[in-house]
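Fold the following, please.
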Amino acid sequence: MGLGAALAWVGCGDDESGAPPGGGGGGSGGEGGGVALVCPDSGVLYGPWSLRFDSSSAIVRWDACAPGSVEIEVEPEAGGAATVFAGEQVAGEVLTRYDLITSIEPDLPGIRYLSEVKVTGLAEGSCYRYKLLADESRGGRLCSARAAGEPFEFFVLGDTNPALGHTTGVFEHAMRPAADFVVHTGDIQYYASVFESWAVWFPLMQPMLSQGAFMPCIGNHEVEENEHEFDDYYVRTFGGAGFDSEVVEYYRYQSGGVWFFSLDSEIELSAGSAQANWLEAELADAASQPGYRFSVVYL
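Down below sits the predicted model:
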């Protein structure tokens, strides 16, 4: 079968830890419970990471616990002048509470400030380094989409449960510094492992988030027992990662003429469903684009 007709499926097993579920319902606002969020002087809480990239632009996001600077400095990885880009913060109430074990950094409800900067004018097929002006120790790498036919690397992993100590070892042995972006095949963070929270996950996973664009999909652990987690963390922080979809559950993007389709295993995907109809139409559209090579579908 020629490359033009190839369709690769990358699957993610339902890897249950066997630990009792944690989390319960979300909080109703405020820190409460005698536990207070420790907000850094910079206001920067989690991140940064990049997503929604094309041949000339990308966005950078981070989560803040207080209003602050929404500027980043970007410079070509190969060398060149730095440019400062400004974005905006959107305040929103996070309702998720997870404080089951006192020794685990808790997820607390309260007002958070999602910060987003759109970086434009990128050269096609080029990578850049960026840093936050609010906290210059925090930064990362982003790459624009490659020209059709140009080779590129990307890093794939799933079921990231770094509190148990295995995911970070994968970074050390498998993540290559030349990878343009990360494909995450679902089950991003596990309340079900009891020992993990988003407050634990984000710092441990920063090497992956700083690698390049983070392109996730939705697995069953994105919709755990905590009723607010999906909206507070997946939708708010990672939603809108790609293009050509009016919903957060599925999307597409491309680099080098290879089209990637991120699907949601937790909603209907049978023939005639909204997700299946979208996938069929967008696969056909991708195949009609100049320079198309093949498609990768993951869930």
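
Show residues contacting stretch 119-133.
Residues from elsewhere that reach stretch 119-133, judged by CB atoms under 8 Å, 6 or more residues apart in numbering: 42, 44, 48, 50, 55-60, 62, 69, 71-78, 83-85, 137-147, 150, 152, 180, 212. Quick note: C-beta positions are derived from backbone N, CA and C, even for glycine.

Return the set of buried residues in that stretch.
Val119, Leu122, Gly125, Ser126, Cys127, Tyr128, Tyr130, Lys131, Leu132, Leu133 (16 or more other CB atoms under 10 Å).

what do you get for stretch 175-190?
Within stretch 175-190, the residues scored as buried using 16+ other CB under 10 Å are Ala179, Asp180, Phe181, Val182, Val183, His184, Thr185, Gly186, Asp187, Ile188, Gln189, Tyr190.

I figured Gly212 was touching Trp49, is that so?
No: Gly212 is beyond contact range of Trp49, at 9.2 Å (criterion: CB atoms under 8 Å).

Mind listing the shared neighbours of those two?
What both Gly212 and Trp49 touch, as defined by CB under 8 Å, 6+ apart, is the set Gly140.

rewinding a little: sitting in strands, which of the buried residues of stretch 119-133 do you find?
In strands, judged by DSSP state E, the following of the buried residues of stretch 119-133 are found: Val119, Cys127, Tyr128, Tyr130, Lys131, Leu132.

Can you list the low-confidence ranges for the stretch 1-150 of the chain?
Counting by pLDDT under 70, the ranges of the stretch 1-150 of the chain that qualify are 1-34.

One more pass at 90, please.
Residues of the stretch 1-150 of the chain meeting the criterion pLDDT under 90: 1-36, 102-103.

which residues touch Trp49?
Going by CB under 8 Å, 6+ apart, the list of residues near Trp49 reads Val60, Arg61, Trp62, Gly140, Leu209, Ser210, Ala213, Phe214.

Mind listing the strands the one helix or strand the first one maps to pairs with, and their directions?
Val60 belongs to strand 58-64 when assigned by DSSP states H and E. Strands flanking strand 58-64 in the sheet, each with its direction: strand 44-51 (antiparallel), strand 110-119 (antiparallel) (DSSP bridges).

what's the angle from the first one to strand 127-132?
Orientation check (axes from the mean of the first three to the mean of the last three CA atoms, to 10 degrees): strand 44-51 against strand 127-132 gives 160 degrees.

Only the buried residues of strand 44-51, if you could.
So for strand 44-51, counting by 16+ other CB under 10 Å, buried means Val44, Leu45, Tyr46, Gly47, Pro48, Trp49, Ser50, Leu51.

right, and the fifth one touches Val60 too?
Yes: counting by CB under 8 Å, Pro48 does reach Val60; the two are 5.4 Å apart.

Now the common contact residues for those two.
Common contact partners of Pro48 and Val60 (CB under 8 Å, 6+ apart): Ile72, Tyr130, Gly140.

List the strands paired with the helix or strand harbouring the first one, with their directions.
For Ile72, the host element (DSSP H and E) is strand 71-76. Strand 71-76 sits in its sheet next to strand 83-86 (antiparallel), strand 127-132 (antiparallel), going by DSSP bridges.

Distance to Leu100 added to those strands, as TSV?
Shown next, in TSV, are the strands paired with strand 71-76 (distance: least, CB to CB, whole Å):
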stretch	distance to Leu100
strand 83-86	39
strand 127-132	31
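
so which of the ones you listed comes closest to Leu263?
Comparing the strands paired with strand 71-76 by their distance to Leu263 (CB to CB), the top pick is strand 127-132, with 27.2 Å.

How about residues contacting the next helix or strand after the closest one?
Tracing the chain past strand 127-132, the next element assigned as helix or strand by DSSP H and E is strand 139-143. By CB under 8 Å, 6+ apart, the residues outside strand 139-143 that reach it are 48-50, 53, 58, 60, 72, 74, 77, 119, 125-132, 152, 180-181, 209-213.

for the chain, what spans make up the helices?
With DSSP state H as the criterion, the chain has helices at 167-174, 198-209, 229, 274-287.

Which stretch among these is buried most, on average?
helix 229 (a mean of 25; mean count of other CB atoms under 10 Å).

can you tell me the average pLDDT over that one?
What helix 229 shows for mean pLDDT is 96.

Phi, psi for Asn161 please.
With angles defined as degrees, to the nearest 10, Asn161 sits at phi -130, psi 70.

you'd agree Met248 is up against Arg236?
Slight slip there: residue 248 is Val, not Met. No: when contacts are counted by CB under 8 Å, Val248 is not listed as touching Arg236 (9.8 Å).
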